[in-house]
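1. Prediction below, plus the sequence it came from.
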Amino acid sequence: MEDKKANIIAAISILALVVVIIAARVSLKLSKTFYLIAGVDISLILAVFCFLIIRNRYNRERNLLVSRFLSEGRELRTEYSFLRKVAGVPTKFKLEDLEEATDGFRSLIGKGGSGSVFKGVLKDGSQVAVKRIEGEEKGEREFRSEVAAIASVQHKNLVRLYGYSSAISANRPRFLVYEYIVNSSLNIWIFPEKGNRRRSGGGCLSWYQRYQVAIDVAKALAYLHHDCRSKILHLDVKPENILLDENYRAVVTDFGLSKLIARDESKVLTDIRGTRGYLAPEWLLEHGISEKSDVYSYGIVLLEMIGGRRSISKVEVKETRKKKLEYFPRIVNQKMRERKVMEIVDPRLIETNELKEEEVMKLVCVAMWCIQEKSKNRPDMVMVIEMLEGRVPVYEPPDSDVVVVDLLAADDDASSTGVRRVVNVPRLQIQRERNFRLPSICSSIISPISPR
Ligand SMILES: Nc1ncnc2c1ncn2[C@@H]1O[C@H](COP(=O)(O)OP(=O)(O)OP(=O)(O)O)[C@@H](O)[C@H]1O
């Protein structure tokens, strides 16, 4: 625009100078004054021409440089965003970006102990789950731990963290932005709806899908325990933290309680965290926890997938019509001794006729190995994968005490919903059951079978 203006002014000036020469020629004839004016005019016209040439050349070079910088900048930006993705560096979002993505935090998709989760769409069109972390001290710790842990991992069975948004001031919520996993969490696919309470989504996973989920979760945990630079303990393995993608494959989430420990560290002492019903005995016996504490929680999740029920649930006693808490692993143990393992399977699966007793027994045995009282007797997650995929035979678990975390003293609702609570140790009682022996059907080697 400016160039155009300058060109017009130059053209007008040249025209004016030419007019001056013509006027001088007419009025002054070929006098000395005319030659003087004509000389000055012609020099001025030449000066304007020179100015135009230099200016245009300068502009052309400047435009060339600008467009080169622009294209290099674009390339750099593309390269940078590519590298961010490759390196898994999470993006720092502004609060306004997240408000826009979630349409003002309108579509709530879930609520957990540490905050609420909303569905959203980023500017580039990717669907996200935005977790708003509420609370003060606990929120801060969970936030830091979650960003640090997830940012460093890349595995198809672990949720991807796109980014985060820190609090602008104290007491303001922080946000974590995850990839959106379409089929929500495992709990709504294995536990039937309670009474008249209707829930949106969910259903009944088939036996085959449950078996696949068991393998997927085992792979995610094996990666965290054995394949990362430092060992990552999840410490909150439960169905609510296992999401299902469009093919009902598992994606483990919620690293809010996770702990990073050095490869050579075998056990760590830390404050009790996790969810009632999934806590390994060592938490309560204060022996120090390790990756085997995750193995224990995983074993409980396996039993819940097999039975389609929580490990601890409230049932009504027919005679007295009073409610009591029932510990599912204890029932499984008993049924195994009686060789009635099919009786503990989710009744909805029995109806489908797709079950093989041998497979059920195998999964139950693996689960029982995982919930051994002594952590050293539990397999590691790599061994669990080997057993589930049929590369290693499943042997009878050793004779062991079963530590039953007796939750009669605890709040019933929490145990029946799997809601995470800070566990109050003195209120928990620990019972030991002697002769926790698996039945003879399991004493022999269970033949290796692969998931269908
Ligand atoms: N990435 C995601 N994609 C889709 N849904 C999700 C995603 N993350 C969480 N959700 C949904 O939001 C719910 C709440 O998740 P959140 O992690 O806050 O809590 P939780 O695991 O149930 O409880 P807590 O945080 O106390 O362990 C989940 O159960 C799930 O249904």
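-> Cool, the structure landed.
2. What strands flank the helix or strand hosting residue 325, and is each parallel or antiparallel?
-> Per DSSP states H and E: residue 325 is located in strand 323-327. When pairing is defined by DSSP bridges, strand 323-327 lines up against strand 312-316 (antiparallel).
3. Please report the distance of residue 363 from residue 125.
-> The gap separating residue 363 from residue 125 is 40 Å, by Cβ to Cβ, to the nearest Å. Just so you know, the C-beta spots here come from the backbone N, C-alpha and C atoms, and that holds for glycine as well.
4. That should have said residue 336, apologies.
-> Counting by Cβ to Cβ, the gap from residue 336 to residue 125 is 51 Å.
5. contacts for stretch 160-178?
-> By Cβ atoms under 8 Å, 6 or more residues apart in numbering, the surrounding residues in contact with stretch 160-178 are 88, 90-95, 97-98, 115, 120, 122, 126, 128-134, 136, 139-140, 143, 146-147, 150-151, 154, 159, 179, 253.
6. now the end-to-end length of that stretch.
-> 6 Å (Cα to Cα, to the nearest Å).
7. quick revisit: list the buried ones in the strand holding residue 325?
-> Buried residues in strand 323-327, counted by 16 or more other Cβ atoms under 10 Å: residue 327.
8. which residues in the stretch 1-150 of the chain form helices?
-> Along the stretch 1-150 of the chain, the stretches classed as helices by DSSP state H, counting those that start in this stretch are 2-28, 32-87, 95-101, 137-151.
9. Tell me where the stretch 201-350 of the chain has strands.
-> 231-233, 242-244, 250-252, 259-261, 312-316, 323-327 (DSSP state E, counting those that start in this stretch).
10. Least reliable of these by average pLDDT, please.
-> Looking over the strands of the stretch 201-350 of the chain, mean pLDDT reaches its minimum on strand 259-261, with a mean of 69.
11. Over to residue 126: give its phi and psi.
-> Here is the backbone geometry of residue 126 (degrees, to the nearest 10): phi -80, psi 140.
12. How about the contacts made by it?
-> 162, 179-180.
13. Are any of these buried, and if so which?
-> Buried among the contacts of residue 126 (16+ other Cβ under 10 Å): 162, 179-180.
14. and residue 249, how many neighbours does it have?
-> Using other Cβ atoms under 10 Å, residue 249 has 17 neighbouring residues.
15. doesn't residue 213 make contact with it?
-> Yes - applying Cβ atoms under 8 Å, one finds residue 249 in contact with residue 213, separated by 7.4 Å.
16. Return the distance of residue 189 relative to residue 300.
-> For residue 189, the distance to residue 300 - Cβ to Cβ - is 17 Å.
17. Looking at the stretch 201-350 of the chain, which residue is nearest the ligand?
-> residue 240 (3.7 Å; Cβ to the nearest ligand atom).
18. The ligand contacts on the stretch 51-200 of the chain?
-> Proximity of the stretch 51-200 of the chain to the ligand, by Cβ under 6 Å from any ligand atom, involves residues 109-115, 117, 129, 131, 159, 178, 180-181, 184-185.
19. Who wins on neighbours among these?
-> residue 131 (27 neighbours).
20. Return the residues in contact with it.
-> Residues in contact with residue 131 (Cβ under 8 Å, 6+ apart) are 114-117, 175-178.
21. Which single one of the buried ones among the contacts of residue 126 is nearest to the ligand?
-> For the buried ones among the contacts of residue 126, the nearest to the ligand is residue 180 (4.7 Å; Cβ to the nearest ligand atom).
22. related to what we said a few turns ago, which one of residue 363 and residue 125 has more residues nearby?
-> residue 363 (25 against 6).
23. Got phi/psi on the more buried one?
-> The phi/psi pair for residue 363 (degrees, to the nearest 10) is phi -70, psi -40.
24. Is it in contact with residue 215, as I believe?
-> No - the pair residue 363 / residue 215 is not scored as a contact, 10.6 Å apart, by Cβ under 8 Å.
25. what residues are shared contacts of the two?
-> residue 388.
26. At the geometric centre of the chain, which residue do we find?
-> residue 159 (3.0 Å; Cα atoms, centre = their mean).
27. ok so, going back, format the strands of the stretch 201-350 of the chain as CSV; extra columns: distance to the ligand.
-> As requested, these are exported to CSV (distance: least, Cβ to the nearest ligand atom, whole Å):
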stretch, distance to the ligand
strand 231-233, 15
strand 242-244, 5
strand 250-252, 8
strand 259-261, 15
strand 312-316, 17
strand 323-327, 21
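28. what about those, which gets the closest to residue 347?
-> strand 312-316 (14.4 Å; Cβ to Cβ).
29. residues of the closest one that come out buried?
-> Buried positions in strand 312-316, judged by neighbour count with 16+ other Cβ under 10 Å: 312-313.
30. distance between it and the chain's centre?
-> 32 Å (Cα atoms, centre = their mean, to the nearest Å).
31. show me the contacts for the residue of the stretch 201-350 of the chain closest to the ligand.
-> Contacts of residue 240 by Cβ under 8 Å, 6+ apart are 112, 185-187, 254, 418.
32. domain parsing for the chain?
-> Domain assignment for the chain, taken from the TED database, gives 1-59, 89-180, 185-193+203-413.
33. Pick the most buried one from these.
-> domain 185-193+203-413 (a mean of 19; mean count of other Cβ atoms under 10 Å).
34. chain center to it: distance?
-> 20 Å.
35. do the same with stretch 199-211
-> Distance, stretch centre to chain centre, for stretch 199-211: 21 Å (Cα atoms, centre = their mean).
36. What average pLDDT does it get?
-> Mean predicted lDDT for stretch 199-211 stands at 88.
37. what about it, how long is it end to end?
-> 24 Å.
38. Can you give me the first-to-last residue distance of stretch 180-199?
-> 19 Å.
39. what does that stretch contact?
-> Residues outside stretch 180-199 that contact it (Cβ under 8 Å, 6+ apart) are 109-110, 119-120, 126-129, 159, 201-205, 210, 213, 239-246, 248, 250-251, 253, 301, 304-305, 308-310, 346, 348, 418.
40. which residue sits closest to residue 13 in space, ignoring its chain neighbours?
-> Nearest residue to residue 13 in three dimensions, chain neighbours excluded: residue 48, at 5.5 Å (Cβ to Cβ, 6 or more residues apart in numbering).
41. I figured the one you found was touching residue 7, is that so?
-> No - using Cβ under 8 Å, residue 48 makes no contact with residue 7, being 10.5 Å away.
42. So which residues of the stretch 201-350 of the chain form helices?
-> Under DSSP H, counting those that start in this stretch, the stretch 201-350 of the chain gives helices at 207-222, 281-285, 291-307, 328-337, 347-350.
43. now the ones you listed as TSV including distance to the ligand?
-> Output for the helices of the stretch 201-350 of the chain, formatted as TSV (distance: least, Cβ to the nearest ligand atom, whole Å):
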stretch	distance to the ligand
helix 207-222	14
helix 281-285	16
helix 291-307	12
helix 328-337	20
helix 347-350	21
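44. What are the contacting residues of stretch 244-251?
-> The contact list for stretch 244-251 (Cβ under 8 Å, 6+ apart) reads 156-159, 181-186, 189, 205, 209, 212-213, 216-217, 220, 242-243.
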